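*Asks:* Task: produce atomic coordinates for the following.
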Amino acid sequence: MTLAVGPGHYLFLSAILFTIGTVGVLTRRNAIIIFMSIEIMLNAANLAFVTFAAAIGDLAGFVMVLLVIAVAAAEAAVGLAIIVAMFRHRQTVDVGAFNVMRG
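*Replies:* Numbering: from 1, shown residues only. From the prediction side, this is the model:
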């Protein structure tokens, strides 16, 4: 007996990854963990794009994945630079301590 893996399985995995990322963003207070959770959510979206692109035989999903990867790289670079700057100022990466922008 062979087990066929179809698009539904990949979409289910994508939904699980997105849920894990969402829970990580909503429950964690460490800025590094929050950024890792956002990256998990972006990878879940990439998996869904690739799944749909492969299912319908169109390259638009693969192009969208490249755009999402570019946005994720820019987000990681800017976000980590902000975290490093805040760590140098406050000596912590706890998001509760990041109240520097308050007036």
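*Asks:* going forward, measure contacts and count neighbours with C-alpha atoms only.
*Replies:* Noted.
*Asks:* Let me know the average pLDDT across the strand or helix carrying Ile33.
*Replies:* Taking DSSP states H and E as the definition, Ile33 sits inside helix 31-56. Averaging pLDDT along helix 31-56 gives 93.
*Asks:* and it, what other elements does it pack with?
*Replies:* Applying 3 or more C-alpha pairs under 8 Å, 6 or more residues apart in numbering; DSSP states H and E, we find helix 31-56 packed against helix 7-27, helix 60-90.
*Asks:* list the buried ones in the first one?
*Replies:* What it means is helix 7-27. By 16 or more other C-alpha atoms under 10 Å, the buried positions in helix 7-27 come out as Tyr10, Leu11, Ser14, Ala15, Leu17, Phe18, Thr19, Ile20, Gly21, Thr22, Gly24, Val25.
*Asks:* ditto for the longest one
*Replies:* Using 16+ other C-alpha under 10 Å as the burial criterion, the residues of helix 60-90 that qualify are Gly61, Phe62, Met64, Val65, Val68, Ile69, Ala72, Ala76, Ile83, Met86.
*Asks:* Thank you, goodbye.
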